[in-house]
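Engineer: Sequence first, predicted coordinates after that:
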Amino acid sequence: MDVKTAPGHGCPVHHGTDAGPTLPGDGATDYERYLRVGELLSLQKRPEQRAHPDELLFQTIHQSFELWLKMVREELGRIRQTLDDGDLHTAVRLLRRCRKAIAANTAALAVFDTMAPNDFHAVRRQLGNGSGAESPGFHHIQREAPTVWPHVEALLEREGETLEAVYLQAGHRSDLFALLEAMTDLDQEVHAWRTTHLGVVKRIIGRDVLSLKGYAVHQLEEDVQRMLWPALWKVRERVTEAEGTSPQ
């Protein structure tokens with residue numbers, strides 16, 4: 001059996017007897033069938049259906065958003081369960097996963113820098129009344145993430161700790177501190193994604209124009225300041241007060 005290296009990956013590819021795909025479904029390979037590649041690639045407009053070639057870019061980025069957000073939503077449910085089980089190690093790992101998924105969305109926004117404003121308007125005319133503010137995945141995250149907090153409070157109560165105590169004595173309960181900081185990392189990443197998205201909107205259509213929902217873009221600046229877990233940000237103010245480093 002010949003062994004070769006896959007181009008650009010450095011991974012061995014074994015060439016032997018090819019019995020063909022074994023999974024049910026459409027596609028020439030099990031890879032295509034498992035990932036349902038044919039269906040996935042049919043979800044974008046065909047070239048002859050597009051009013052502008054950049055519709056493919058717009059749909060690709062936003063559809064990828066919804067996929068990552070679906071995963072994050074489901075992981076938030078797992079995080080609630082791990083907190084109830086006292087499995088902080090897994091909770092932290094899943095929070096890191098969610099943060100990296102949101103970071104992938106933030107990184108994808110950079111591709112919009114290659115779109116000229118007038119090209120975007122050709123795409124915008126195809127959106128009807130649609131707006132990124134209607135993202136079901138994002139709204140699910142906004143609803144689901146706050147439901148994690150009661151599980152954190154229950155965990156702290158079982159452990160005989162308070163939020164302030166964990167932060168004022170970070171080395172005392174490093175496991176709880178790591179959990180809370182992983183949650184802060186995710187919250188900050190969501191904020192960064194939203195801020196970056198707003199920056200893209202302003203770069204393309206301007207700051208003092210109306211969105212498709214009738215809001216001036218600059219009015220959205222206040223909305224992006226909303227955090228998922230406000231208590232994690234307020235506790236920092238109390239630590240600062242306790243440390244006595246604020247000017248009197």
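Structural biologist: That came through fine.

Engineer: helices or strands up against the strand or helix carrying residue 204?
Structural biologist: Element membership of residue 204 [criterion: DSSP states H and E] is helix 174-205. If you count contacts as 3 or more CB pairs under 8 Å, 6 or more residues apart in numbering; DSSP states H and E, helix 174-205 packs onto helix 88-108, helix 117-124, helix 149-158, helix 163-168, helix 220-223, helix 230-243. No exception for glycine: its C-beta is placed from N, CA and C like everyone else's.

Engineer: Give the closest residue to the residue nearest the centre of the chain in space, chain neighbours not counted.
Structural biologist: The residue lying closest to the centre of the chain (CA atoms, centre = their mean) is residue 102, at 2.4 Å. Using CB to CB, 6 or more residues apart in numbering and skipping residues adjacent in sequence, the residue nearest residue 102 is residue 189, 4.5 Å away.

Engineer: can you check residue 149 too?
Structural biologist: residue 229 (5.7 Å).

Engineer: My guess is the one you found contacts residue 183. True?
Structural biologist: Yes. With contact defined as CB atoms under 8 Å, residue 229 reaches residue 183; the gap is 5.9 Å.

Engineer: higher neighbour count, the two?
Structural biologist: residue 183 (24 against 17; other CB atoms under 10 Å).

Engineer: In contact with that one: list those residues for me.
Structural biologist: By CB atoms under 8 Å, 6 or more residues apart in numbering, residue 183 lies in contact with 95, 148, 152, 229, 232.

Engineer: any idea how far it lies from residue 220?
Structural biologist: Residue 183 is 25 Å from residue 220, where distance means CB to CB, to the nearest Å.

Engineer: still on that earlier bit, so what sits against both of residue 229 and residue 183?
Structural biologist: Common neighbours of residue 229 and residue 183 (CB under 8 Å, 6+ apart) are residue 148.

Engineer: Now do the phi/psi pair for residue 23.
Structural biologist: For residue 23, the backbone dihedrals (degrees, to the nearest 10) come out as phi -90, psi 150.

Engineer: From residue 40, how far off is it?
Structural biologist: For residue 23, the distance to residue 40 - CB to CB - is 15 Å.

Engineer: Next: residue 176.
Structural biologist: 41 Å.

Engineer: and the two? which has more neighbours close in?
Structural biologist: Ranked by neighbour count (other CB under 10 Å), residue 176 and residue 40 place residue 176 first, with 20 against 12.

Engineer: Compute the number of surrounding residues for the closest residue to that one other than its chain neighbours.
Structural biologist: Distance criterion CB to CB, 6+ apart; nearest residue to residue 176, sequence neighbours excluded, is residue 166 at 4.8 Å. Counted with other CB under 10 Å, residues neighbouring residue 166 total 21.

Engineer: Poorly predicted segments of this structure, please.
Structural biologist: The chain contains residues with pLDDT under 70 at 1-18, 210-219, 246-248.

Engineer: Okay, domains of it per the record?
Structural biologist: For the chain, automatic domain parsing gives the domain ranges 19-49, 57-243.

Engineer: Identify, out of the ones you listed, the most deeply packed stretch.
Structural biologist: Comparing the domains of the chain by mean neighbour count (mean count of other CB atoms under 10 Å), domain 57-243 comes out on top with a mean of 16.

Engineer: distance between the ends of that one?
Structural biologist: Start-to-end span of domain 57-243 (CA to CA, to the nearest Å) is 50 Å.

Engineer: picking that back up, contacting residues around the residue nearest to residue 176?
Structural biologist: Going by CB under 8 Å, 6+ apart, the list of residues near residue 166 reads 156, 172-173, 176-177, 180.

Engineer: separation between it and residue 118?
Structural biologist: From residue 166 over to residue 118 (counting by CB to CB), the distance is 52 Å.

Engineer: again, but for residue 125
Structural biologist: Between residue 125 and residue 118 the computed distance is 11 Å (CB to CB).
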